[in-house]
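K.L.:
let's see this in three dimensions:
(chains A and B)
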Amino acid sequence: MSMKEELGRIQKEALEAIASAATDVELDAVRIRYSGKKGALTAILKSMGKLSPEERPVMGQLANEVRAKIDSALETRFAELKARALDRRLAAETLDVTMPGKAVQPGHRHPLTTTIADVRRVFETMGFETVEGPEVELTHYNFDLLNTSPNHPARDPQDTFYFEDDIVLRTQTSSVQGRVMETRQPPIRIIAPGRVYRSDDLDATHSPLFHQIEGMLIDRDVRMSDLKGYLEVFAQAIFGQETRVRFRPHHFPFTEPSAEMDVSCFVCGGKGCPLCKGEGWIEILGCGMVHTNVLSACGIDPEKYTGFAFGMGVERIAMLRYKIDEMRQFYDNDLRFLSQFN
Amino acid sequence: MLLSMNWLKALVPYAYDPHRYIADMTMSGSKVETLQYLGSEIEKVVVGRVDAMERHPDSDHLWVCMVDIGCEEKLQIITGAQNLKVGDIVPVALDQSRLPGGVEIHKGKLRGLESNGMLCSYQELGLTEHDVPGACEHGILTLNDDPDAVLGRDIREVLGFDDWVVDFEITPNRPDCLSIIGLARESAVTYGLRYVPETPKVRGGAGRIEDVLKVRVDEPALCPRYTARVVKNVHIEPSPKWMRDRLRACGVRPINNIVDITNYVMLEYGQPMHSFDYACLDGGEIVVRRALEGEQMQTLDEKPHNLDTDMLVIADSHRAVGVAGVMGGANSEITDATRMVVFESANFDATSIRLTSRRLGMRTEASGRFEKGLDTRNTLAAVERACELIEMLGAGEVCDGIIDIDNADSTPRVLTLDVARINRFLGVEVSREEMLHIFDLLGFELNGDLLTVPSWRLDVEQFVDLAEEVARFHGYDKIPTTLYAGATRFTPNAAVDFDDRLREILCALGYTEAQTFSFIGPKSFDRIRLAPDSPLRHTARLRNPLSDEMSVMRTTMLPSILDVAARNANMKNKNARIYELGSIYTPVEGERLPKESKVLTIAAYGSVDFFAVKGIVEALAMELGMDRLEFSACRDNPSYHPGRCARISVNGDELGVMGQIHPLVAQNYNTSAEIYTVELDVPALFAHKGGLTQYKPLAKFPAVSRDIALVCAESVTAAQLESCIRAGVGTLLESVELFDVYRSEQIGEGRKSMAYTITMRDPTRTLTDADADAAVSRALALLEKDTGAVLRA
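P.N.:
Modelled structure (predicted):
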């Protein structure tokens, strides 16, 4: 057999073996047999010396061509086999992605502290500093400084918890107003969240303990229109940007003029529904211009400074936001209730 | 305060739609509680006349009536009433009519005969005997003498049910609005109208008052004004229907003409009135004095009262005949036999009335008004109105003259209108003319910029009060919304932010937040097994708690969180991981107020154990950037399992305590769950929290680790072993981690094997095996010396 024939045979056998190799191990054996250092091609190249000088370059070129073809076929086949192996592995690793995830039990924040945090954030972005005051409080701060006459019904022991004649559980976070004004001069921008107490039995809409957030801004020439402006920003941040607000005249001893603020019902948008009892408006908070008597009593000159204050019930806002219908749920601490909130 | 719209319309003629009206009044500052149509429960009931009646053939008590209701066709209606005769005018409930209490009437057959409705008694129409004096109690209401009772007319119009009643919430600053006149004035100004009540006119002519009555006020401070008139030849009888209808609409029960007049005037003028039977006033004298020590009196409601010298009474020459401003005495009550009446229209000190009313446990319409402080100028008009009504009703003859003892300071208040300041304060631009117009309508007297405040507006004292009136009637809704342009200096509150940070971390660690009451019962201290002399039992105690279980301010949060845990366990919530960040209230010697400090309390039961909860505490400390916590066994906390309780501290400062709740405490909370709790002092956590993270370069040289298993006595603690390892390895130590605890016969009774991974690193070079081995050897030597622990063979 001529060398040329021999090369042709090697090429044919090698290409057949490559094509029929089913695994990369088999294919590697084929590579060693034909293209390896001790393989068939190497062996035939070693016999090139026996050829005539004329034949040598011709056969050399032919041999290189055969080697190139075999190497290229090997490379292609290796790639094919690798891809096929990957496909098989991926198929074997397929999961039923509809099976349940492994449970992680996250904790839950109480809806009241979430509400307080949300309201705080709104006012802090507008420069209001959060302050806290004592819950066991002197009547001096809870009533006297707040222009509440000694005979005012709010002082009645039927409404207010007493420790001594002049020490009570604060009935409103407004008690913080005096504590702040006594210690600093305007400009003042504060909000004061916290617990307050009234002598009511716990039922669907009452609790002897609940939370309020007080707010106050005092500076030169603060106007009632500013009160409306800040509270509108608040209402839209908490109840949605499309919320409208309504201010109704009201009376509180420590503000004059005083108002109650309603927001357009965020369920029906003001058309009337069970939540707003058909009125289209929901009462949210009490507010007003800080009474000149309060400013004077706290050592701030009412000729020089004016300001506004507001107070809102946190439970009420949380009940409206989360559609909670029972005040007592907040204090029952049933995990089936608490774990609904995130 | 109930307002009859029919009554209002008689004073302020305005075509009020009730719903529109309450919306408008709400926006001008009169808050509306409810709006009710009096006849809302009655439908399809009309006036009819019994034209014929005969016995039901199959009954010994039923009557078959033919009733004319103003239509061509007569209705056959069967009734069981026995008081009717042909020609009687009666209320007829037609087929498909409705009556109070949700009663529906349909036509049907009664013992075989058709009945096309029902003839009604006054009870069936929701009336009482006071509303229809003289009506038959067990029979059909007859309206024979009522000129309004036209056949076919809607019965609501005939019986005064065709009226809307508004219930206003009157704020304590506006006692003048506890009257029809006050509300009429507010209503008028709301619509830009003027309302001035008419001045009552009295003819008199029945002799001089001075000849029959003397009045002496001993306590002018408590009774600034006392006004009285006398009426002779009184005929006690029911008051007319129009008066009864108005009283009833405003929630007052009609009684007789004299009593009704005093109530009517109180509603109309807001001035409480009283009428005495003159015959019962010994000596023809009225003395306003303090009650005597030990004095007793029975009030109109027939209750006996012990009076004291702080209470003001109305007396005759020798005994009290009324508690001033609260209630009259039974001994001088108007009766059917009364022939001569004294009308009292007085002003009493608000505080005195309030204290008396509270001490006697009596709140009346009168005391409720007096304790808000009333206009002393009002007494005269009110007594005049009462006498005018006497003459109008023909109920008696009024004596000439008025006794009016007036010690009140009636100097009117004068304020200056500062238009610019009001506009600046409200953020509006209201013209001077508009402002003056508002004050004019409100009854202020205008004199240039000087405004004389009307006597009934005791609440208007200064500039801001004037601003409020402008705001109310200009309209709150017309005030623009602005944002104040002043500079802000925002200061974050680090302590409050820290509270929120704790909540975030605990939430991320799988704990759910609870909120419990700040007051607890003293028995809670027994439940958590506090020693009888525990300082925690020293509490701030409420004088008027709702119950014993809510009577003291908590000095520990443990009972609160145990309540929550136990309640959830009993509600079959299988696992609970909860916390509360709340306050405790500790009385401090020499301080008036208790110290309020925040505590973080954690509780867990179910799929947790001591070390799971300890891990939470350590994770919390790590998140807060705190130094390594130290835990030491605590065997003497009575609330905790003595073998499963640890004191927690950092750098020698105590942070709190944690452990498994003592089984006896769990039993006191009626639960068998193994509850683990943690109590941490929040200010202490805050003090030890790390500052802003300072970056440390990542290690450049590799770490070397060694595992060692130590055998030691059971009594040797992990903390002891760890501390020897730390000391022995020294600065090369990166971490030491317990990975196995093993006990076996081979190791021996009372001994255990503790296996640690010790990781070491030198930040400046690659650590050699020799370095690492030398360090471990130092540790082993120390371990053996200090704890007796040796390498496991």
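
K.L.:
residues in contact with the lowest-mean-pLDDT helix or strand in chain B?
P.N.:
Lowest mean confidence among the helices and strands of chain B (mean pLDDT, DSSP states H and E): strand B:108-110, at a mean of 88. Residues from elsewhere that reach strand B:108-110, judged by CB atoms under 8 Å, 6 or more residues apart in numbering or on different chains: B:56, B:62, B:78, B:114-115. For every residue, glycine as well, the C-beta is placed using N, CA and C.

K.L.:
and the residues you listed, which are buried?
P.N.:
Buried subset of these (neighbour count, 16 or more other CB atoms under 10 Å in any protein chain shown): B:56, B:62, B:78, B:115.

K.L.:
now do the second one against B:L113, distance only.
P.N.:
B:L62 sits 8 Å away from B:L113, taking CB to CB, to the nearest Å as the criterion.

K.L.:
which neighbours do those two have in common?
P.N.:
Shared contacts of B:L62 and B:L113 (CB under 8 Å, 6+ apart): B:56, B:78.

K.L.:
show me which of the contacts of strand B:108-110 is closest to chain A.
P.N.:
B:S115 (39.0 Å; CB to the nearest CB).

K.L.:
so in terms of bridging, what pairs with that closest one?
P.N.:
B:S115 forms beta bridges with B:G108, as assigned by DSSP bridges.

K.L.:
find me the pLDDT at it, would you?
P.N.:
pLDDT for B:S115: 91.

K.L.:
my guess is it meets B:K107, correct?
P.N.:
Yes: contact criterion CB atoms under 8 Å: B:S115 and B:K107 qualify, at 6.5 Å.

K.L.:
what residues does the residue of the stretch 51-200 of chain A at minimum distance from chain B make contact with?
P.N.:
For the stretch 51-200 of chain A and chain B, the shortest gap (CB to the nearest CB) falls at A:G127, measuring 3.1 Å. Residues near A:G127 by CB under 8 Å, 6+ apart: A:189, B:488-490.

K.L.:
for it, helix, strand, or coil?
P.N.:
Of the three states, A:G127 takes coil under DSSP: H, G, I helix; E, B strand; the rest coil.

K.L.:
once you drop chain neighbours, what's closest to it?
P.N.:
B:T488 (3.1 Å; CB to CB, 6 or more residues apart in numbering or on different chains).

K.L.:
hang on, the earlier thing: any idea how far B:A487 is from the residue of the stretch 51-200 of chain A closest to chain B?
P.N.:
9 Å.

K.L.:
now swap in A:A204 and tell me
P.N.:
46 Å.

K.L.:
higher neighbour count, those two?
P.N.:
A:A204 (10 against 7; other CB atoms under 10 Å in any protein chain shown).

K.L.:
next one: that one from B:Q515, what distance?
P.N.:
As for A:A204, its distance to B:Q515 is 17 Å (criterion: CB to CB).

K.L.:
and the one helix or strand in chain A whose mean pLDDT sits lowest, what's buried?
P.N.:
Least confident helix or strand of chain A, by mean pLDDT, DSSP H and E, is helix A:40-46 with a mean of 81. By neighbour count with 16+ other CB under 10 Å, helix A:40-46 contains the buried residues A:40-41, A:44.

K.L.:
quick one, what contacts B:F439?
P.N.:
B:F439 is in contact with B:417, B:446, B:451, B:466, B:469, counting by CB under 8 Å, 6+ apart.

K.L.:
pLDDT score assigned to it?
P.N.:
97.

K.L.:
can you check A:M1 too?
P.N.:
67.

K.L.:
any idea which element the residue nearest to A:G127 lies in?
P.N.:
According to DSSP states H and E, B:T488 maps onto no helix or strand at all.

K.L.:
ok, it touching A:R189?
P.N.:
Yes: using CB under 8 Å, B:T488 is in contact with A:R189, at 6.3 Å.

K.L.:
what do these two both touch?
P.N.:
A:126-127.

K.L.:
comparing the two, which residue is more hemmed in?
P.N.:
A:R189 (24 against 14).

K.L.:
beta-bridge partners for that one, please?
P.N.:
Assigned bridge partners for A:R189, using DSSP bridges, are A:L217.

K.L.:
what comes up buried for stretch B:321-337?
P.N.:
B:321-334.

K.L.:
will you turn these into TSV that also has distance to B:E504, secondary structure and pLDDT?
P.N.:
What follows is the buried residues of stretch B:321-337, written out as TSV (distance: CB to CB, whole Å; DSSP: H, G, I helix; E, B strand; the rest coil; pLDDT from 0 to 100):
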residue	distance to B:E504	secondary structure	pLDDT
B:V321	70	strand	94
B:G322	65	strand	94
B:V323	61	strand	95
B:A324	62	coil	95
B:G325	58	coil	94
B:V326	57	coil	95
B:M327	60	strand	93
B:G328	65	strand	92
B:G329	67	strand	92
B:A330	68	helix	91
B:N331	72	helix	91
B:S332	71	helix	92
B:E333	70	coil	92
B:I334	71	coil	93
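
K.L.:
correct me if wrong, but B:V67 is in a strand.
P.N.:
Yes: using three-state DSSP, the assignment for B:V67 is a strand.

K.L.:
can you read off the pLDDT for it?
P.N.:
So B:V67 comes in at 90 (pLDDT).

K.L.:
please tell me how far it sits from chain A.
P.N.:
As for B:V67, its distance to chain A is 40 Å (criterion: CB to the nearest CB, to the nearest Å).

K.L.:
count of neighbours near that residue?
P.N.:
For B:V67, using other CB under 10 Å, the count is 24.

K.L.:
how about it, nearest residue that isn't a chain neighbour?
P.N.:
In space, B:V67 is closest to B:G48, 4.3 Å off (CB to CB, 6+ apart).

K.L.:
which helix or which strand is home to the one you found?
P.N.:
strand B:43-55.

K.L.:
tell me, how many residues neighbour the nearest residue to B:S534 once chain neighbours are set aside?
P.N.:
Spatial nearest neighbour of B:S534, chain neighbours left out: B:F525 (7.0 Å); criterion: CB to CB, 6+ apart. When counting by other CB under 10 Å, one arrives at 23 neighbours for B:F525.

K.L.:
how near is the residue nearest to B:K372 when sequence neighbours are not counted to chain A?
P.N.:
Leaving aside its chain neighbours, B:K372 sits nearest to B:P175 (3.9 Å; criterion: CB to CB, 6+ apart). With distances taken as CB to the nearest CB, B:P175 is found 12 Å from chain A.

K.L.:
what residues are up against B:P175?
P.N.:
B:270, B:369, B:372-374, B:458.

K.L.:
narrow the residues you listed to those in helices?
P.N.:
B:R369 (DSSP state H).

K.L.:
ok, back up a step: my guess is the residue nearest to B:V67 meets B:A93, correct?
P.N.:
No: using CB under 8 Å, B:G48 makes no contact with B:A93, being 9.8 Å away.

K.L.:
now for these two: what residues contact both?
P.N.:
B:L119.

K.L.:
between these two, point out the one with more neighbours.
P.N.:
Between B:G48 and B:A93, counted using other CB under 10 Å, the more crowded position is B:G48 (31 against 26).

K.L.:
appreciated, that's everything.
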